[in-house]
Structure formats: C-alpha cells, structure tokens
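Colleague: below: sequence and its predicted model.
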Amino acid sequence: MTDINKFLTDLQKSLKHDRQNNGGKSDYNRVKNDIRRLFERNAADVGELADSIFEYWENEYIYRSADLTWEPGEENQNRLAAYLAFLENSDEYQELISDADWEEFGRLVNFEAEDLDVDVLQDLMKILVSKGAY
C-alpha cells in the first residue's frame, strides 16, 4: 500500500526541483514525464490502468488549464493523489473525485480488467459500484 502523503511530498519535491533548476519558473512539459513515472511506480499493482488513469487526469485537468506554467497546481496534485488512493483501495482525498471521474474510472477498469489481478479487480469494482460508476 502506498503512503499517499509521501506520494504528494515526492511530487512537490519534483516540482520544486524543476523550478530551482530553471530560474524559479515552472513548466508542466518539463516535469510531466517525472510525474507520470512517480504515479506509475506508486500504482505498480494495477499495471497499464495506472497509465490510463494518469492520461485521463492529464487530459481532463492539466491540458484544459489556461496556463501550463502553474500546473499541476495544488488542487490537481491532490486530485492525482486521490486517483492513486483509489487505485490503492484507500479513501484518502476521494471527495476530490467527481461523478464524471468515477464513470471514467469504471470505463477504464472495464477496459483493463483482463490484465488485472483478480483481487485488485474485485477491490476496484467494489469501490466503483459504491460510487455509482456502474
């Protein structure tokens, strides 16, 4: 099980390090691969589902931002942590997950179901059913 707060701390360190190395300026395009690897490493138990969830987060919340310079902002960092918590069968930050997010997670879990461990799949499905994703 991943410590969600440690994930957030590592994410914030990565963003801070990038700003320090670039004259105090942020740029999502410079840090996105590091953030993706961090997320996928922390959600290794779900394989390709982690990548699918990350891409959803990125497309739905990051690329829709008016200014990528400040992304991911605190709210989007916490949202990504909530997504990781879901994948880890934890309820941390779940208030940040919208009904539309739950529906998309249901679709993504269905798509990746055959590649997931049966116990992991059952845990994810229980959460999704409880959240009305199906």
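Modeller: Structure's in. What do you need? Residues are numbered from 1 along each chain as shown.
Colleague: use CA for all of it now, contacts and neighbours both
Modeller: Will do.
Colleague: and the helix of greatest length in the chain, what does it pack against?
Modeller: Longest helix in the chain by number of residues (criterion: DSSP state H): helix 4-20. Contacts defined by 3 or more CA pairs under 8 Å, 6 or more residues apart in numbering; DSSP states H and E place helix 4-20 against helix 28-42, helix 74-87.
Colleague: quick one, the longest one and helix 4-20 angle?
Modeller: Spelled out, it's helix 28-42. 150 degrees (axes from the mean of the first three to the mean of the last three CA atoms, to 10 degrees).
Colleague: what helices and strands are in contact with helix 28-42?
Modeller: Counting contacts by 3+ CA pairs under 8 Å, 6+ apart, helix 28-42 is packed against helix 4-20, helix 48-57.
Colleague: next, the buried residues of the longest one.
Modeller: Applying a neighbour-count criterion of 16 or more other CA atoms under 10 Å, the buried positions in helix 4-20 are 4, 7-8, 11-12, 14-15, 18-19.
Colleague: any chance of those in JSON lines, plus distance to residue 40 and pLDDT?
Modeller: Listed next are the buried residues of helix 4-20 as JSON lines, based on distance: CA to CA, whole Å; pLDDT from 0 to 100:
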{"residue": "4", "distance to residue 40": "13", "pLDDT": "95"}
{"residue": "7", "distance to residue 40": "11", "pLDDT": "97"}
{"residue": "8", "distance to residue 40": "14", "pLDDT": "96"}
{"residue": "11", "distance to residue 40": "12", "pLDDT": "97"}
{"residue": "12", "distance to residue 40": "16", "pLDDT": "96"}
{"residue": "14", "distance to residue 40": "15", "pLDDT": "95"}
{"residue": "15", "distance to residue 40": "17", "pLDDT": "96"}
{"residue": "18", "distance to residue 40": "20", "pLDDT": "92"}
{"residue": "19", "distance to residue 40": "23", "pLDDT": "91"}
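Colleague: out of the helices and strands packed on helix 28-42, nearest to residue 134?
Modeller: With CA to CA as the criterion, residue 134 lies closest to helix 48-57 of these, at 17.2 Å.
Colleague: what is the mean pLDDT for that closest one?
Modeller: Helix 48-57 shows a mean pLDDT of 98.
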